[in-house]
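K.L.:
here are the coordinates; sequence isn't available:
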């Protein structure tokens, strides 16, 4: 393996700004910001979503009914049921 061609792989802190959680991992990412944890200074990367704040992992998912999709479906289903009932009564 060639020397001095690979980026430095070092400990980095990822901070979830929406949940306030931090976790230390290793990465090649570079940043000028730093944070001190347990007496050690690490580079810090701020992220908007992590497993600490993502709805799938926290169990706080919200099902949004945009533009009344459920209600539109129910209306279409009711019309189809009426049409089917009318067709079967005529036969």
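P.N.:
Okay, I see it. This is a predicted model, so every value here is computed, not measured.
K.L.:
list the buried residues of the host helix or strand of residue 83.
P.N.:
Residue 83 belongs to helix 69-90 when assigned by DSSP states H and E. For helix 69-90, a neighbour-count test (16 or more other CB atoms under 10 Å) marks nothing as buried. For every residue, glycine as well, the C-beta is placed using N, CA and C.
K.L.:
centre of the chain versus it, how much separation?
P.N.:
Remark: helix 69-90 is offset 37 Å from the chain centroid, using CA atoms, centre = their mean, to the nearest Å.
K.L.:
low-confidence ranges in this protein?
P.N.:
55-67, 91 (pLDDT under 70).
K.L.:
for it, which residue occupies the most central location?
P.N.:
residue 54 (4.4 Å; CA atoms, centre = their mean).
K.L.:
quickly note the distance from it to residue 47.
P.N.:
11 Å (CB to CB, to the nearest Å).
K.L.:
equivalent analysis for residue 83, please.
P.N.:
52 Å.
K.L.:
can you show me the helices along this protein?
P.N.:
55-58, 69-90 (DSSP state H).
K.L.:
these two touch, right, residue 24 and residue 43?
P.N.:
No. Using CB atoms under 8 Å, residue 24 is not in contact with residue 43; the gap is 10.6 Å.
K.L.:
now the common contact residues for these two.
P.N.:
12, 13 (CB atoms under 8 Å, 6 or more residues apart in numbering).
K.L.:
now residue 34. Nearest residue, chain neighbours left out?
P.N.:
Closest residue in space to residue 34, ignoring its immediate chain neighbours: residue 41 at 5.2 Å, by CB to CB, 6 or more residues apart in numbering.
K.L.:
centre of the chain to stretch 10-18, how far?
P.N.:
In terms of CA atoms, centre = their mean, the centre of stretch 10-18 is set 16 Å apart from its chain centre.
K.L.:
equivalent analysis for stretch 35-45, please.
P.N.:
Worked out by CA atoms, centre = their mean, stretch 35-45 lies 25 Å from the chain centre.
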